Each structure stands twice: as C-alpha cells, then as structure tokens.
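J.: I would like to see how this sequence folds:
(one chain, ligands or ions: 2)
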Amino acid sequence: MQANPTRGFLWSDVETRTLLTIWGEQDIQTALDGNFRNSFVYRDVSRRLGAMGFERTPEQCRVRIKSLKRQYLLAKEGNLRNNGQYHKICKFYDIMERILTGPAGLDPRELMECGAAGEEAVDGLEEDGEDVQDVYSESTGECPYPAETEVKLEYPTVPIPIPVKVTVGNSSASVRPHTSSHSASHSSARAPKRPRKRRANFPMEKLMEQFLEQSAQAEDGFYRMEEQRLQAEDRRREAEHARELHMLQMLGQMFASISSSRPGSAATPCKTAPPPPPPPTAARAPVISSASLSHTRDLSGHLKRRSPQTDCLSQHTQLLSTDPQTLVLERYYALGSTSHKGMEDDILSLVKTIIPPLTSKKHKGQDGRIGIIGGCQDYTGAPYFAAISALKVGADLSHVFCTKDAATVIKSYSPELIVHPVLDSPNAVEEIEKWLPRLHGLVVGPGLGRDDFLLKTAKEVIERSKARDIPIVIDADGLWLVTQQPSVIQGYQKGILTPNFMEFTRLYEALHHEPMDSSDHQRGVLQVSAAMGNLTLVLKGEQDLITDGSRVFSCSVEGSGRRCGGQGDLLSGSMGVLAHWAHTASTAGTVRSVNPSVVAAFGACSLTRQCNSQAFQQHGRSTTTSDMIQEIGSAFKKLFES
Ligand SMILES: NC(=O)C1=CN([C@@H]2O[C@H](COP(=O)(O)OP(=O)(O)OC[C@H]3O[C@@H](n4cnc5c(N)ncnc54)[C@H](O)[C@@H]3O)[C@@H](O)[C@H]2O)[C@@H](O)CC1
Ligand SMILES: Nc1ncnc2c1ncn2[C@@H]1O[C@H](COP(=O)(O)OP(=O)(O)OP(=O)(O)O)[C@@H](O)[C@H]1O
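T.: Ligands and ions are numbered 1, 2, ... in the order given. Model (predicted):
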C-alpha cells in the first residue's frame, strides 16, 4: 500500500488520478448528484481509494475534489481551451471534463451556477483553519513530492483567491482575501463565486442566532406574564372564596335563628343531652350537618345498644334533614375544608406562642398538672406512655388514675408519675373528683379498657371535669365510651377527640347510622365534628386531619413508616398539656384567630410525628414508643423553640 507520508493536502498526480477515477464512477456521481449531505459518499470514496493503496480521509478526498472542481471551473470560465492555457490551471481538465460532461456527469452550467459550492456545504465540514500552505496546495492541487511528474507552478491568467496572513494583536490567522492577482492587469477579471457564498453564510448564522435569542427572550417574557396572571388569578379566587364564606356564615346564622324559633327544632335541647354551646360561626349548628346524609338511608342500627342520647341525636337530625341550612352548611364545609402549607406554618407559629416560658419565678405545678384516666389489668403501658409524655412535654405533675392491680405496675415503670389506684374502687368518682381542682388537663381513655363500671366512672369524671371547665382529651377506650354516648362530650369546646381510623369509623357510624365514605376523610371529619357540636377532632393517619367543624387542617410533619402501639398515647398525653397551655393563652388573649383546641391538637400531632421520625432514624424497624418518648425533648426544641 502506498501510504501517504505527506501532509494531508499534498496529492501526487497518480493519487489524484485514482481519486478522479473513483469519483467519476457512475454510482458515486449518482450519489453525489443533488445530495446535499454527501459525507457518506466521500467515506465510500476514501474507502475505495484506500483499497487502491492510498490512505486519505473522506475530508481530504472531498477537499481535493472541490479544489479540482474550482480549477476546472476557472479554466472553463476563462475560456482558455483554445489557447491551451487550461492545462496550466487545471492539470486534470480533460478527466474532469469527461466526468462532468459525460452521460452521468454534472451539467457544467449547473456547476458554474453554483460555483464550487455544490459540495462545499457538506455536513458542516469547514475549510476554516487551513493554513497557507494547505490552501495553496489545494488551490493548485499539485504536490511537488512525491509527485509523478514535476509540476511547474504558473499563475493563472484569471484572479484566484489566495490567502494572506493577517495579524491581529498577538495572534495571526490566515484569511481568504477577496481576490488577489499577481498582475494588476488581471484585476478586472471575474472573481470566483466561492467567497461570496461564504460571506452570505455568515449573516445567515448571525440572523439565526439573533432570532433564537429573541425567541428565548419572548418566551421568558411570556412565562413571566403568565406567572403574574396566575398569581392575580389566585388572589382573585381567594378573595372570592373569603367573600363566599362570609356570605354563607351570614346565611347560616339566619337559618340557625329561623330554625331555633321553630318548635322541636335544633335549638331545642334534648332532655338527656347537654345544651349545645352558642355557635361562634354558622358551622356551629352541629347536629344539622349530619342530617344531610342521615336521611339518605334507613337507619341500620349499627350499634347494638343505642343510648337515649343517640336516639335524641338521630331524631334531631331527621327533623332538619330537608332544611336549606343543610345545603348552606354543605357548601360552607366544602369551601372551608381546605388547608395549605402556609396555614400550617401559621398554626405552628401559634403553637410557639402558647408555650409558657421557663422562669425561676414559677412554682411547681404552674406549667400544668395533668390527669390520665386509664390503666387496668390488661393495659398498663398506655397510661404510662401518656403520663410520661405529658411530663416530658413540660407538665410539672402527671397523675394516673388507674385500677388497683395496674397501679403497682405503672409505678414501677417510673418514679416520676403519681399513681392513684382508685379507678375500680366503689367511690371512684369521688376519689378522683378530689383531685380535679388541682388538674389543668385531663386525658381520658389510654388503657381504660371497656369494662362497664370503668366506663361509667370515666363518664362521670368527664361530666365533673366539664363543670370545672378543664380541657379534656378523649382517646382509645374513652372514644369507645363517646361512641356509645356522644352526649358525654358533645358541644364541649374544651374537648378534643383523637380517634385512629378504626375509632373514627365507629364514631361516624354511631352518629350517622350509615357506613362512612372512606374516600373523603375531610368531609367525614367535618361531619363528625359538626355532629359532636363542633368539637375538635383529630383523625390520625398518614396525615393527621384536625378540625373544629369550620375547616380542616392537616398535619403532615414527616413521620416514618413505623407504627408502634402506644404512639397514640404519646399524642394524647402531650395534647393534654398543650390544651392547657392553649386555653390559658386564649384566656390571656394571645390566641384569637384559631380555636385553642385546634392549636393544641396541631402542636401535639407535629410533636408525635417528629418524635417518630427522629426515633426511626436511630432505630428503624425496631422503633418503639419508648424510643419516641426519648425524643420528646429534642423534637420539641426543634419544632417549637428554634
Ligand atoms: N402498651 C399498652 O398498654 C398499650 C395499650 N393500648 C390500649 O389498648 C386499648 C385498645 O386499643 P386498640 O387500638 O387496640 O383498640 P381498637 O379496638 O381501637 O382497635 C381494634 C383493632 O383495630 C386495629 N386498628 C387500629 N388502627 C387501625 C387502622 N387505621 N386501620 C385498620 N385497623 C386499625 C387495631 O390494630 C386493633 O387490632 C386502649 O385502651 C389503648 O389505650 C394502646 O394504646 C397500645 C399500647
Ligand atoms: N400512616 C401514618 N403516617 C405517619 N404518621 C402516622 C400514621 N398513622 C399514625 N401516625 C402518627 O402516629 C400518631 C398516633 O397514631 P396511631 O394511629 O398510631 O394512634 P393509635 O392507634 O391510637 O395509637 P395507640 O397504639 O397508642 O393506641 C398520630 O398522631 C400520627 O401522628
């Protein structure tokens, strides 16, 4: 193989002839004909040339052909054929002529029209960067060595482009002059078309660049305007929303006063039920909203034992089932049942404001004495978790009122707790009542069990605590009691229910006498809260939903996938303390815009979830409630004191 030892642009005659032979082949010409993207053809040319013993890249082949074509055109254009000068300009004129005018060849006029450009605009292959020697060699096509014949360079009689070296600052570059001739007499001759084309390309690229830039700017502008438009739209919608809520509140109040003037209407309290509290908003016409669904199905007697209070409730709801107020409330709930991140942040800041500062001026007990009603033979862990959590959140004293057999066990878990073994004593209510004046918050239910006697005691204690205006959190078996007798806490504004999904379902069905629509929890919690006299309700789950019947807040502080028994007790215990703090703050006028029970519920849910997350980071699958309790201090600090 005659590997070419020279630089890329120097071609021997034999090499050039071989190239022309290949290039002239019919299939190559056909492939090149009218094909703008021709790099693949030159790859083939290069390959065939290689097979003949000449190593040339496709690009070298393309440039060489282009150069030959330019020479051919110059010779042809100068009409030098007759005086025999043409061979001096284009050594391979005859071969070129044969190829280009042959049956498969190009029409030379066509070639003339497009100058040498026909194949210049290939696949982005540029000539820029060719140095003087390269371009010079290219323009002549001759190679002084190892050429087949010695080539004598003669300048053509027509001007041809010759590069000149231009120095700009420190760098030099070779550029193509417009046209140059060694003889001034030739200056009038026609210049080849190639430079014109190159100049024409430049503004085209520039234009394209400008066009793209302007398009990008226009697009940016469009998105900016669109964002502003959406923000304005959001503001408009929010204003509309607020207006509609306001209208509905007024309508609700109107309907409430109309219905209260009717005999046997909602405002007429049942004999067995406590009188509902005065409604602070239209939504606080609690039982009425439950009517919207209760009339759609027959009562199915989900409860084995229906209490007189439950009967009264259903009677109550049926009475008003067709009342237009129901429709108004439905709409009100639909509008109010939204909660967004900003709102959650606001409540979290409110939680911070209810936390009493730690000062050396206070005496023991001032930050809270919390009572837990629960703890029986079966369950000793639950009351312990609730009571210790209350202490760890910041209560000064934590009392557990449990059965006799549970007391020693609970005491043994922790010396910090005050344990009263009174729950199953015959005078349990009196025993517990003695302590009520000292308590700031009560948590009823953790580990209480479902023994009738214990439930009856719990019910009495709730009644007496209500009379003392003590905040009451009802959880676990306390909710079992509420499911049986909703009136025990119905309408008590300092009451909070904390059902898990199972407990919530039972409560819903007891109140509404039909299965719950589990696809719409927000609606469900609003309905149950309304039916319970706008009691604050927390439905625990993937997101804790918190409502007092007017709107639903969701607490979605990141927890973990771990659900261990007892974390609900951590929640209810800490909620007992926070409820005390929130109501104290409300009385002092610190919390005004949001129901203090909702603030307390939100704080406790956030704390429980944060504890869960932190404990999970350390213990993973083996996380237990005790691990979570260990995290209360740092979780509290992170959420509320940072
Ligand atoms: N270590 C302890 O002493 C503990 C005692 N506990 C007490 O145990 C008593 C009974 O509480 P339970 O919650 O077991 O009773 P429930 O009758 O409320 O629950 C019955 C069943 O429902 C299941 N359940 C709970 N949430 C559910 C959901 N989202 N979806 C489907 N099923 C669900 C429970 O796993 C349980 O098997 C209460 O007094 C409670 O305080 C619990 O607090 C756990 C810890
Ligand atoms: N799917 C969940 N994803 C994240 N957090 C959850 C999830 N379910 C519950 N929690 C958190 O755990 C807390 C307790 O809820 P859980 O459902 O365990 O109560 P519970 O069943 O009453 O507990 P207990 O075992 O004490 O009776 C909730 O307040 C909530 O913050």
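
J.: okay, CA-based contacts and neighbour counts for the rest of this
T.: Fine.

J.: what about the protein, any weak spots by pLDDT?
T.: Residues of the chain that meet the criterion pLDDT under 70 lie in 1-9, 34-36, 79-84, 103-205, 249, 252-253, 255-342.

J.: Quick check: buried residues in stretch 569-584?
T.: 569-584 (16 or more other CA atoms under 10 Å).

J.: Kindly export that stretch (C-alpha atoms) in CSV.
T.: Taking C-alpha atoms only, stretch 569-584 is exported to CSV below (Å, rounded to 0.1, in the frame of the first residue of the first chain):
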residue,chain,number,x,y,z
ASP,A,569,-50.8,7.6,73.9
LEU,A,570,-47.8,9.8,73.4
LEU,A,571,-50.0,12.0,71.3
SER,A,572,-52.9,12.2,73.8
GLY,A,573,-50.6,12.8,76.8
SER,A,574,-48.8,15.7,75.2
MET,A,575,-52.0,17.1,73.9
GLY,A,576,-53.3,17.2,77.4
VAL,A,577,-50.5,19.6,78.3
LEU,A,578,-50.8,21.7,75.1
ALA,A,579,-54.5,22.0,75.6
HIS,A,580,-54.0,23.5,79.0
TRP,A,581,-51.4,25.9,77.6
ALA,A,582,-53.5,26.9,74.6
HIS,A,583,-56.6,27.7,76.6
THR,A,584,-54.6,29.6,79.1
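
J.: And the nearest residue to Arg592 once chain neighbours are set aside, how close does it get to Val599?
T.: Distances taken as CA to CA, 6 or more residues apart in numbering place Ser586 nearest to Arg592, at 6.4 Å, with adjacent residues excluded. Ser586 sits at a distance of 10 Å from Val599 (criterion: CA to CA, to the nearest Å).

J.: next one: Ile496
T.: Going from Ile496 to Val599 by CA to CA gives 11 Å.

J.: Show me which of these two is the more surrounded one.
T.: Ile496 (31 against 25; other CA atoms under 10 Å).

J.: and that one, what is it in contact with?
T.: Under the criterion of CA atoms under 8 Å, 6 or more residues apart in numbering, the neighbours of Ile496 are Ile472, Val473, Ile474, Leu535, Thr536, Leu537, Val538, Ser597, Ala601.

J.: Hmm, the third one is touching Leu497, no?
T.: Yes: at 5.0 Å, Ile474 counts as touching Leu497 under the criterion of CA atoms under 8 Å.

J.: Break this protein down into its domains, please.
T.: According to the TED database, the chain is divided into the following domains: 13-101, 342-353+364-641.

J.: and the last one, anywhere near ligand 2?
T.: Yes: where contact is defined by CA under 6 Å from any ligand atom, part of domain 342-353+364-641 touches ligand 2, namely 476, 500, 540-542, 544, 559-560, 563, 565-569, 571, 605, 608-609.

J.: Among those, which ones are in strands?
T.: If you go by DSSP state E, the residues of domain 342-353+364-641 next to ligand 2 have Asp544 in strands.

J.: Tell me which of the domains of the chain sits most buried.
T.: domain 342-353+364-641 (a mean of 22; mean count of other CA atoms under 10 Å).

J.: Which member of the buried residues of stretch 569-584 is positioned nearest ligand 2?
T.: Asp569 (4.3 Å; CA to the nearest ligand atom).

J.: Settle this for me: the closest one is touching Thr380, isn't it.
T.: No: assessed by CA under 8 Å, Asp569 is found out of contact with Thr380, at 11.5 Å.

J.: and Ile65, how far is that from Asp13?
T.: Using CA to CA, Ile65 is found at 13 Å from Asp13.

J.: And for Ala428?
T.: 120 Å.

J.: Can you list the neighbours in contact with the helix or strand hosting Val419?
T.: Per DSSP states H and E: Val419 is located in strand 418-421. Under the criterion CA under 8 Å, 6+ apart, residues 397-407, 410-411 lie in contact with strand 418-421.

J.: Sheet-wise, list the partners of that strand with their directions.
T.: Next to strand 418-421 in the sheet, as set by DSSP bridges, lie strand 397-402 (parallel).

J.: first vs last residue of stretch 423-440, how far apart are they?
T.: Start and end residues of stretch 423-440 are separated by 19 Å (CA to CA).

J.: ditto for stretch 357-372
T.: Terminal-residue distance, stretch 357-372 (CA to CA): 24 Å.

J.: residues making contact with that stretch?
T.: Contacts for stretch 357-372 (CA under 8 Å, 6+ apart): 356, 383, 386-387, 390, 394-401, 438-446, 573, 576-577, 580-581.

J.: let's see 7 Å
T.: Stretch 357-372 is contacted from outside by 383, 387, 394-401, 438-444, 576-577, using CA atoms under 7 Å, 6 or more residues apart in numbering.

J.: Just the residues you listed: which are in helices?
T.: Residues of these located in helices (DSSP state H): Pro383, Ala387, Gly576, Val577.

J.: so what's the closest residue to the third one other than its chain neighbours bridging to?
T.: This points to Gly576. In space, and not counting its chain neighbours, Gly576 is closest to Gly441: 5.4 Å by CA to CA, 6+ apart. According to DSSP bridges, the partner residues bridging Gly441 are Ile370.

J.: Hmm, Ala635 and Glu607 touching each other?
T.: Residue 607: Leu, not Glu. Yes: contact criterion CA atoms under 7 Å: Leu607 and Ala635 qualify, at 6.4 Å.

J.: now the strands for the chain?
T.: 164-168, 171-175, 369-373, 397-402, 418-421, 441-444, 472-474, 495-497, 536-539, 544-547, 552-555.

J.: need these in a markdown table with distance to Leu248, can you?
T.: Formatted as a markdown table, those follow (distance: least, CA to CA, whole Å):
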| stretch | distance to Leu248 |
| --- | --- |
| strand 164-168 | 79 |
| strand 171-175 | 79 |
| strand 369-373 | 39 |
| strand 397-402 | 44 |
| strand 418-421 | 49 |
| strand 441-444 | 35 |
| strand 472-474 | 31 |
| strand 495-497 | 26 |
| strand 536-539 | 21 |
| strand 544-547 | 18 |
| strand 552-555 | 17 |
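
J.: so can I have CSV of the ones you listed showing distance to ligand 1?
T.: Below are those laid out as CSV (distance: least, CA to the nearest ligand atom, whole Å):
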stretch, distance to ligand 1
strand 164-168, 79
strand 171-175, 77
strand 369-373, 10
strand 397-402, 12
strand 418-421, 15
strand 441-444, 9
strand 472-474, 10
strand 495-497, 13
strand 536-539, 10
strand 544-547, 12
strand 552-555, 16
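
J.: now for the ones you listed, which one comes closest to Lys352?
T.: strand 552-555 (15.5 Å; CA to CA).

J.: what's that closest one packed up against?
T.: Packed against strand 552-555 by the contact rule (3 or more CA pairs under 7 Å, 6 or more residues apart in numbering; DSSP states H and E) you find strand 544-547, helix 596-619.
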